[in-house]
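Next comes the sequence, and after it the predicted model I'd like to discuss.
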Amino acid sequence: MKLENNINKNITEIRECKQCGRSLDKDYNDDLCPACKEMNLFAEVKEYIRLNDVKEMDVARHFDIPISKVRKWIKQGRIEYKMPDGKTVSGVKCRVCGKKIEFGIICPECLRRQKLKVIAKQEQSQPEEMRFLGERQAVKDS
C-alpha cells in the first residue's frame, strides 16, 4: 500500500509544458518550458517589429529583455529592420572578412570558401583508391 501511495504521489508531481509536453521540474514555476517561452517571445518580437518602426533598443525596452538578446537574433539572421526606403539594416558584419551582411554571421562568399576548404581537407585525408567493378582496393606502392 505504501509503495502505491509513493508511485501515485510521484505521478501527480510530474508536470508538463502546456505547449510542447516536455517534462518540467517540480520546482519550475511556470506552465511553459524555457524553450517554448523563448519561442513565444521571439514570435511576439518579430510581430512587433513588423508592425512598428522600431530600433533594437525600442524592442528591448518594450519587451523588457536585454538588448544583447535582440542583437543575438539579428546576428543569427532571425530578425532584421527595414528602413523607410525598403532596404534592410542589420548592422552585422562578416566575422571573416568584415563585409556588411544582412543576416547570419558569415557572408555568402566566406561561407562558400570555408565549405570548399572543408571539402578539400576531406579529399586529402582519404587514401587513393582504385575501383574494380564496385570493389574498393587501396593502391599500394610497390
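Alright, I've got the coordinates.

Now do the same for Glu16: its pLDDT.
At Glu16, the model reports a pLDDT of 90.

got a list of what it touches?
Residues counted as contacts of Glu16 (C-beta atoms under 8 Å, 6 or more residues apart in numbering) are Arg22, Ser23, Leu24. All C-beta atoms are positioned from the backbone trio N, CA, C, and that covers glycine.

so what secondary structure elements neighbour the helix or strand Ile49 falls within?
When elements are assigned from DSSP states H and E, Ile49 belongs to helix 34-51. Applying 3 or more C-beta pairs under 8 Å, 6 or more residues apart in numbering; DSSP states H and E, we find helix 34-51 packed against helix 56-63, helix 67-75.

Report the inter-axis angle for it versus helix 56-63.
Orientation note: helix 34-51 sits at an angle of 120 degrees relative to helix 56-63 (axes from the mean of the first three to the mean of the last three C-alpha atoms, to 10 degrees).

who touches helix 34-51?
If you take C-beta under 8 Å, 6+ apart as the criterion, helix 34-51 is touched by 17, 19-20, 22, 30, 32, 54, 59, 62-63, 65, 70, 73, 78-79, 81.
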